[in-house]
Structures are given as structure tokens and as C-alpha cells.
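**Q** sequence first, predicted model second:
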Amino acid sequence: MGIRDYFQKLGFSKAILGLSGGIDSAVTAVLATEALGAENVRVLLLPSQFSSGHSVDDAKELAENLGIQYDIIAIKSAYEAFESMLSPLFSGLPFNVTEENIQARVRGVLLMAMSNKFGHILLNTTNKSEMAVGYGTLYGDMCGGLAVLGDVYKTEVYELVKYINSIPAGKYGRVGVIPQNSITKPPSAELRPGQKDTDSLPPYEVLDPLLFEYIERRKGPSELVAKGFDEALVKRVLRMVNINEFKREQAAPVIRVSSKAFGMGRRLPIVGKYLS
């Protein structure tokens, strides 16, 4: 309903998004297709040299299951062009998050180019867990006109997948529209070899309950520790939430589905030292 209202009330008709082979973009694509119709949804598959082959295959399978248009644009050459331009300035410095973010921003440029050229609104696929702790790239994978899953924690995205894949075959022509591999593989941004979300974050089944208590229920550090959360984990996660307020200030508007959504539902100063 949120997607449909946003488009109809503003006079938009067509959506585009990046389809990675992961569950966030998969769920977003399914919701967009349900809201707008398959003929109004287009997706780009934007593999880099770090993308696994099965990620592209999973994204293609989902697009074909939904009957939506998909195009593949490999970003390796664009990434290498930026790398070449920056090499005199980056000489001798190791690969780090800078190069990871360049990949995300190349994808953002391509998606926005398609949005501008064809009048498609870019749907953002960032979930609430990622938005909470700043696990996203400004002007890259955080681009978009509407954040579809920005009020849905990652563990809730998995629950949505279970529900979507339980829908009878008549809905999308088959049961299990989202490929099983998208569900079972470890979450990864695939911006460096062997990368997993857990390299940077606690497991989502640990992270999300803590985020929920802090964001929705407004529990402070001492209360969270008293509830049984590890003190070091509390300090680490709450710091990530607080220092990334500047990213959320620039994020796409979020469809609200909870009692405390980012955006107008949770207004905090960008530089408040809440836990100092």
C-alpha cells in the first residue's frame, strides 16, 4: 500500500531498483511488482568482479519468476576507471572501505541515470538494521526516492520471505518465487572477496533485538545491560546508531510500518553526545 500510494498520489507509474541476488532487493522487487504490476517494474543487475556467479543467477531467476524486465551492466570497467584516476593520490595505500564505496556509488550512478532517462523512481532496498547502524553507502546503495524496507529489521525481512514464498502458485505462477539460495546464503554486500555482513556487524538475530529495545522502546545502556545484553555489545551498537544519524538525515523517505520509523518518526540531533 505504501508503494502504491506513493506512486499514484504523486503521479508516478514506473519503478527501478538494483537486484543483487540478496533477500532485501528480492523482497523489494516482489512488493513493487505487487503494488505497481510487473510491466511497471524494471531491475538492474550490477555485478562487480567481487560478485558471485550465483548472485547474478539468483537475481535473474527472481526477475524471470516475477515477469519483470531486467538488464545486466557489469561495473568492473567503471570501477577500474575510478581506480585509475585516483591511483596517483592513493599510491601505496591498501584497499579498504574507500574502494568498497566506489563500487556502491558506481551502482548508484547507473541506477539514477536510468531513473532520469526513463522516468523510473528508484526504490531503495536498505533495511532498518542497516539504516540503524550506518551499514550503507551515502550516494550509493542509499540512493532512492523511497525506502521500502527502511522500517523493517533484517530478521523481519526473513519472515517476509517465508510468507512470500508460501503464497499459492497461482499468484506468481509458482510457489517459492524468491530463490532458495537468496535465503540461505550468508548476507553480504559482496564488495570484497569473501565478505560477509558479520565481518562488520553482530549476527542479525543478536543485533535486531538490541536495536528494537533501543529504538522502539527507548531503553538506555544500563537498562539494556539489565535486560541481559552484553555490555560491550551495547556500547558498540549504540555508538554505531548514534554516530550514523547524519546518514539517516540524508536517506530516502521510509515507508512506516512500526511505532518508531526513521525520519519524521524519530527526530534526533545529528551530533548529540547521548551516551558520553
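**A** Here it is on my side, so go on. Nothing here was measured: the structure is a model prediction, and the numbers come from that model.
**Q** how far away is the most centrally placed residue in the chain from residue 74?
**A** Nearest to the geometric centre of the chain sits residue 126, at 2.3 Å (Cα atoms, centre = their mean). Using Cβ to Cβ, to the nearest Å, residue 126 is found at 23 Å from residue 74. Quick note: C-beta positions are derived from backbone N, CA and C, even for glycine.
**Q** how far off centre is stretch 22-39?
**A** The chain centre lies 13 Å from the centre of stretch 22-39; the measure is Cα atoms, centre = their mean, to the nearest Å.
**Q** list the buried residues of that stretch.
**A** For stretch 22-39, burial by neighbour count (16 or more other Cβ atoms under 10 Å) applies to 22-36, 38.
**Q** let me know the closest of those residues to residue 105.
**A** Among the buried residues of stretch 22-39, residue 25 lies closest to residue 105 (Cβ to Cβ), at 17.0 Å.
**Q** pLDDT on the one helix or strand that closest one maps to, on average?
**A** Element membership for residue 25 (DSSP states H and E) is helix 23-36. In this model, helix 23-36 has an average pLDDT of 97.
**Q** for it, name the packing helices and strands.
**A** With contacts taken as 3 or more Cβ pairs under 8 Å, 6 or more residues apart in numbering; DSSP states H and E, helix 23-36 sits against helix 2-10, strand 15-18, strand 41-45, helix 53-66, helix 154-166, helix 180-184.
**Q** what's that helix in contact with?
**A** By Cβ atoms under 8 Å, 6 or more residues apart in numbering, the residues outside helix 23-36 that reach it are 1, 3-4, 7, 13-15, 17-19, 41, 43, 58-59, 62-63, 66-68, 123, 125-127, 148-149, 154, 157-158, 160-161, 164, 177-179, 182-183, 187.
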